[in-house]
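Trainee: Let me see the structure of the following:
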Amino acid sequence: MEEIFIKNIGGWTYIINPESNINKQDITGKYLWFCKNKKTLISLAKDILKKYGLLCAKVPSADIPLNTDFVLCVYDTEPKLKTELAKYSDDTIKYRYWKSDADTRRGIYSKKQREGK
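Mentor: Numbers count the residues shown, from 1 in each chain. Below is the predicted model of the structure:
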């Protein structure tokens, strides 16, 4: 059994699950969380990747957040876990649901995503 591993690339820290059956080219978007503590988000990413068999996630590599919080992006092929993943939020971790890659390219943000910024 391979362990989740971490790799820094281009300003992002990627958390990668080598046991996932997901192909990178099939990914169409991401689930988003915001938190002041980057280590908390990395731990959350590891748990979610293992539990749901997802391929990868990322947080900014910087030690200081760009805004008030760090962001965690957990990638998937479709928003099938959108509701289920809401349980991974609390007073310190804000869940902002799903954002498609198409919306990212167009600079579109939902109200739920904007609330945490």
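
Trainee: OK, contacts around the spatially most central residue of the chain?
Mentor: For the chain, the residue nearest the mean C-alpha position is Cys73 (2.0 Å; C-alpha atoms, centre = their mean). Under the criterion of C-beta atoms under 8 Å, 6 or more residues apart in numbering, the contact list for Cys73 reads Lys30, Tyr31, Leu32, Ala57, Lys58, Val59. Bear in mind the C-beta positions are built from the backbone N, C-alpha and C, glycine included.

Trainee: Any of these buried? List them.
Mentor: The neighbour count (16 or more other C-beta atoms under 10 Å) marks Lys30, Tyr31, Leu32, Ala57, Lys58, Val59 as buried among the contacts of Cys73.

Trainee: now, which of those residues sits nearest Lys46?
Mentor: The closest of these to Lys46 turns out to be Ala57 (C-beta to C-beta; 8.3 Å).

Trainee: who does the host helix or strand of the closest one pair up with?
Mentor: If you go by DSSP states H and E, Ala57 is part of strand 56-60. Strands that pair with strand 56-60, judged by DSSP bridges, come out as strand 12-16 (antiparallel), strand 70-76 (antiparallel).

Trainee: tell me which residues in stretch 64-83 are buried?
Mentor: For stretch 64-83, by 16+ other C-beta under 10 Å, it's Pro65, Asp69, Phe70, Val71, Leu72, Cys73, Val74, Tyr75, Asp76, Pro79, Leu81.

Trainee: Kindly apply the preceding question to stretch 93-108 instead.
Mentor: Neighbour counts over stretch 93-108 (16+ other C-beta under 10 Å) mark Ile93, Lys94, Tyr95, Arg96, Tyr97, Trp98, Lys99 as buried.

Trainee: before we move on, what about stretch 47-62?
Mentor: By neighbour count with 16+ other C-beta under 10 Å, stretch 47-62 contains the buried residues Ile48, Leu49, Tyr52, Leu54, Leu55, Cys56, Ala57, Lys58, Val59, Pro60.
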